[in-house]
Structures are given as C-alpha cells and as structure tokens.
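Colleague: Structure, please.
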Amino acid sequence: MHIRKKLFSAFVILAMTVAALFGDYYPGRSLIESESARQDKEVITIWYTDAYLDEYIRNAAVVYEEKTGVKVVSTKVSGLEYLEAIQKATIDDNYGPDLYVLGSESLEKAYLSGLCYELKDSHRVLNSSYFPEVSLNAISYSDFKLGYPLLFECSVFLYNRTLLEQIAEDYNANAGSGSSNYGEGSSEEEDTSETTEFEPVTADEILPTSIVGITEFALNHNLPEGCEAFFKWCVSDVVYDYWFAGAYMNVGGEKGDDRDDIDIYNEESMYCLRVFQDFKQFFSMEIDEYKYDDLIKEFEEGKILFLEADTSAINKLEAARKNEENPFTYEYGITSIGMLNDNLRSQGLSVTKIVSVNGMSEHKEKAEDFAKFLTVDYSSNLYSRTGKLACNYQKEYQYPQIEDAVRTYENSVSLPKIVETSNFWVLSEMVYTKAWDGENVNLLLRNLSGQVKKQIHGIYVEDEFIETPVVNEDYVSQE
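Modeller: Coordinates of the predicted model:
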C-alpha cells in the first residue's frame, strides 16, 4: 500500500474530514461500519453520487445478499471531485469502494488513476444482445471494457399523437374534397381535376422522419384549434441542439478516446449548423424565450405538436396523467429522427452512467458480479424505482415510449472520454448559441476544431479553409 501511495500521490486531493462528510450522505451507514465491513470478505461496497439511485441500489443489495450471501454496503457521496475522493479513500484511508457509478465521459480519468479494473465478463453479457452499441462504446477505453452500462439519458423527439391524427383527418377531409388552400405550402394554381386519385394519409405517414421534414410538415399542414406551435425546444441547452450537427462533430471516434480522430470542421457540420440557424427564422424563436419545464407544460396542454425533450419527459407525462385536477389526456409518441435531410444524418447527445470496479479493490470478482447483477439481472426494476431508463434491453417495457427512447439512444453519440476535452459540452453549447445569434458557422467550427486540438496536443492546429456550403432546402424558397 506504501508503494501505491507514492505512485498516486500526484492525484490525491487535499486532506478532508471524510468521516464527517460521508456519514451525513447516507443515514444509518457510517464509515465505521464500512471500515469494519472491509475486513469481511463477504462484504463489498459501492459508491454513487445521484440521490435517485438510493432506493434502487439499496433494494438490489438486499436481493443480491439473499441470492449470494454477499453483503453490499452502498454509500452516496458528494459528486465534487468524485474520483479524487475514491482514490484518496482507497490509497490513504483503506476504505475506498469496491465499485462505483460514474459517467462514461470520466472513464479515461478513472483508468489513468488506476481506479478501473479490466472486466472479465464471465457471464458474457457485454455484447449487443444485451446492450446497444452506444452503451458498449461508452464502457470501452482502448481495447478494454471498464464498466457495465447502467442507465442513459438523451434527447428525444416527442409528438402529440392525438393532434397528429386530427391533422391527418383534417388533411384527408380537405384534400379529398378537392380543397386547394389547405396548408401554407399549397399552390393556388393547382388543378386538382388532373391529379391522380386521392389516397388518404395516416398519422404515421405524415410524421416527419428528418429535421428538415419538420419544416415541410409545417408548410403543408394546419394546426388544430388550441395548438399554438408546430415545433419548439429549449434552444439555450446544447442537449436539445446537438442533434442538428452532432453526427459530424467527431471527437475521439466511436469510443471517444482516440486523440488522433478529431473531425469537427467539415462541409457536413457547417451545412447542418446553417440549417440550425434557419430554424430560428422559420419558427421565430429566441434563444432565451423558452424554459424546458415551461415547454413540457405546454406540451401537456396540447399547445405544442412537436417537442425536442429528454428521456425524463416520459416519467413527467405519465405522472401528469395521474393529476386529478388537470390530467394529461393526450396520447403521445417518441420517434427517432435519424436524418437531417435526405442525405445527411442526425445524432443527438447522450449520457451513459456505468458501474465500474475499483482497480485497487481486493474483491474485484465479487464486485464485478454485483455490477452485472445491478445492470442486467435487476435492471427491470430501474425505471419504477428511479424514473431512469436502463441500458440493458428489457423483455417488456412499462410504456411503449420507453422502447422508442431506446431506439433514439441507439442512434446517439456520447461525450468524449479524453481528459483534455472535459469541457467539450461547454464549448459546443457556445458554438450553438453563437450560431443561433447569427455568427459565421464556418469560423465557429474552425475555431472549435482548433481549440479542441490545442487542448489535446498542446499546440493550435488550424484546419485548411473549407468553403461554406449553400443550404438548398425547400423551405428556403417557401418562407
């Protein structure tokens, strides 16, 4: 242990009164209990930072002990300098956790600090039969699997299905009768007598399948009475913006750990970001005009047809159904918008929480077994106890919208793991904000690329200039 102290002294945080701090985070669980528990080989410990995991982990530990005889002591700790606290507790104080929950973007930092164990996966579950590829990429660093995927959060495209079906019915009634003024995109010179026989449309057929398709929908359909907007989202938050250009803002490759795989400044990313700018004019939205909670409320009230939200919206909407005074009465759906237009892809941003085994634990195999139990065997209880969505594929989902959210997650991109790019989320949000305000997307993306490369390699690398592509979409000529 003395040698480990020397090896990791550079990483250890300033001394703190650990017993007083951690004891308050988990009522009834003192560090004295944890320390004595370490002497018992049939006891393992797990740390986490999010309060919503309290009940889930606690109940999983009870079931696991009944099944295996191994006791699991769970402790909620502060998220402030989380990995440093784990390292200090492990090296200096000899009571660090055997396993812990963290965001996948912190995986490189954890690995380089010696806090990750290269998993054996003896149960053979870390594959695409159990988890989406994005989850498997999230737990991977170099050629190693360093965690079990627990839960995810990502942006999703919500739509009011009740209103969409009404729009389809209205369209069929008007178009079927030969009306020529239905929708803003209809031509007054259209001769319906020479058109082919009218075929009614369904809600599924008119549901947009691309980002640009949202504008086409708005140009060709009218909103039902009481519905005030075709599409809204919280523009000030990059979580809901990223899907415009996210497919072409590559930092670190699929696993987010390759320092030589940086491709942010390219024609595709510029084109997508210019479409993003066009949406400001098309939908007349200001960046600070809408707060997320207000938008969810408007969606509940049937005032918004399409909404870019996040996975927590499912829990909120289902809870709103139980509101006795003013229940949410609409049917709604989630669809994965995987394309910007007919040619360019679209990918949103996702966050994956994983369970890793402490590389300095004396109980690695037991810890890995519980990690597998927590993320696979017991995962059917995750949503009911946390409101969060499991990475592990489920045999049945409580609501069909959850399965649709999983499909969206499958098409998402995670934050990079490279330590030097830990601020990429913030940098990206600044780019989207400035683009929304009308700044030159060419310059914004070129500067972002140079800044990221400087942070990684220590020198500013200026990309060769690329001409800004011209946006050529139907909505440009019809605005």
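Colleague: The top strand by length along the chain - contacts with which helices or strands?
Modeller: When the chain is parsed with DSSP state E, its longest strand is strand 148-160. Under the contact criterion of 3 or more Cβ pairs under 8 Å, 6 or more residues apart in numbering; DSSP states H and E, strand 148-160 touches helix 133-138, strand 304-310, helix 312-321, strand 332-335, strand 349-357, helix 382-386, strand 389-390, helix 400-410. Placement of C-beta: from N, CA and C, glycine included.
Colleague: list the buried ones in that strand?
Modeller: 148-160 (16 or more other Cβ atoms under 10 Å).
Colleague: Could you chop the protein up by domain?
Modeller: Domain ranges of the chain: 2-153+353-391, 154-352+392-479, per automatic domain parsing.
Colleague: And residue 69, how far from residue 370?
Modeller: 12 Å (Cβ to Cβ, to the nearest Å).
Colleague: what does residue 415 give?
Modeller: For residue 415, the distance to residue 370 - Cβ to Cβ - is 26 Å.
Colleague: The two: which has the busier surroundings?
Modeller: residue 370 (28 against 23; other Cβ atoms under 10 Å).
Colleague: would you say that one is within a helix?
Modeller: Yes: with DSSP: H, G, I helix; E, B strand; the rest coil as the criterion, residue 370 is part of a helix.
Colleague: any idea how far it is from residue 125?
Modeller: Here the criterion is Cβ to Cβ. By it, residue 370 lies 13 Å from residue 125.
Colleague: before we move on, the earlier item: so which of the helices and strands packed on strand 148-160 is nearest residue 293?
Modeller: Of all the helices and strands packed on strand 148-160, it is helix 312-321 that lies closest to residue 293, at 8.9 Å by Cβ to Cβ.
Colleague: and the closest one, what does it pack onto?
Modeller: The contact analysis (3+ Cβ pairs under 8 Å, 6+ apart) places helix 312-321 against strand 148-160, helix 292-300, helix 400-410.
Colleague: Now do the shortest one and strand 148-160, the angle between them.
Modeller: This points to helix 292-300. Counting by axes from the mean of the first three to the mean of the last three Cα atoms, to 10 degrees, helix 292-300 lies at 50 degrees to strand 148-160.
Colleague: same check, this time on the last one
Modeller: With the same axes, to 10 degrees as the basis, helix 400-410 and strand 148-160 are set at 120 degrees to each other.
Colleague: now for whatever helix or strand comes next after helix 400-410, which elements pack on it?
Modeller: With elements assigned by DSSP states H and E, the helix or strand that comes after helix 400-410 is strand 413-414. Applying 3+ Cβ pairs under 8 Å, 6+ apart, one finds that strand 413-414 contacts helix 133-138, strand 349-357.
Colleague: what pairs with strand 413-414, and is each one parallel or antiparallel?
Modeller: Take DSSP bridges as the rule and strand 413-414 pairs in its sheet with strand 349-357 (parallel).
Colleague: Go through the partner strand and flag the buried ones.
Modeller: For strand 349-357, using 16+ other Cβ under 10 Å, the buried residues are 349, 350, 351, 352, 353, 354, 355, 356, 357.
Colleague: cool, stretch 313-333 as well?
Modeller: Neighbour count says stretch 313-333 has 313, 314, 315, 316, 317, 318, 320, 328, 330, 332, 333 buried, by 16+ other Cβ under 10 Å.
Colleague: what's the span of it from first residue to last?
Modeller: Using Cα to Cα, to the nearest Å, the end-to-end distance of stretch 313-333 comes out at 11 Å.
Colleague: Show me what it is in contact with.
Modeller: With contact meaning Cβ atoms under 8 Å, 6 or more residues apart in numbering, stretch 313-333 is reached by 156, 158-163, 296, 299-300, 302, 307, 334, 383, 387, 389, 399, 401-402, 404-405.
Colleague: Need the buried ones from these selected in ChimeraX.
Modeller: Buried members of those, defined by 16+ other Cβ under 10 Å, are picked up in ChimeraX with:
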select :156,158,159,160,162,163,296,299,300,302,307,334,383,387,389,401,402,404,405
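Colleague: returning to what we had before: how about the buried residues of strand 148-160, which pair is most distant?
Modeller: Pairwise distances across the buried residues of strand 148-160 peak at 36.3 Å for 148 and 160 (criterion: Cβ to Cβ).
Colleague: Residue 442: neighbour count?
Modeller: 18.
Colleague: That one sits in which helix or strand?
Modeller: In the assignment (DSSP H and E), residue 442 maps to helix 441-457.
Colleague: buried residues in that helix?
Modeller: Quick answer for helix 441-457 (16+ other Cβ under 10 Å): 441-442, 444-453, 455-456.
Colleague: Save these as TSV, and put in distance to residue 272 and pLDDT too.
Modeller: Shown next, in TSV, are those (distance: Cβ to Cβ, whole Å; pLDDT from 0 to 100):
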residue	distance to residue 272	pLDDT
441	9	98
442	13	98
444	12	98
445	10	98
446	15	98
447	17	97
448	14	97
449	15	97
450	19	96
451	19	96
452	18	97
453	21	96
455	23	97
456	23	96
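Colleague: Quick one: low-confidence residue ranges for this protein.
Modeller: 1-41, 178-196, 477-479 (pLDDT under 70).
Colleague: could you pull out the strands for it?
Modeller: Using DSSP E, the strands found in the chain span residues 43-48, 71-76, 99-103, 140-141, 144-145, 148-160, 229-233, 250-251, 262-263, 304-310, 332-335, 349-357, 389-390, 413-414.
Colleague: right, and the ones you listed - which one's nearest residue 363?
Modeller: Comparing those by Cβ to Cβ, strand 43-48 comes nearest, at 5.1 Å.
Colleague: tilt between that closest one and strand 99-103?
Modeller: Strand 43-48 runs at 20 degrees relative to strand 99-103, counting by the same axes, to 10 degrees.
Colleague: Given strand 43-48, what are its sheet partners and their directions?
Modeller: Counting by DSSP bridges, strand 43-48 is paired with strand 71-76 (parallel), strand 99-103 (parallel).
Colleague: Please save the CA atoms from the first one in CSV.
Modeller: Provided in CSV are the C-alpha atoms of strand 71-76 (Å, rounded to 0.1, in the frame of the first residue of the first chain):
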residue,chain,number,x,y,z
LYS,A,71,-23.5,-8.2,1.6
VAL,A,72,-23.3,-4.9,-0.3
VAL,A,73,-22.8,-1.6,1.6
SER,A,74,-24.0,1.3,-0.5
THR,A,75,-22.9,4.9,0.1
LYS,A,76,-24.0,8.1,-1.5
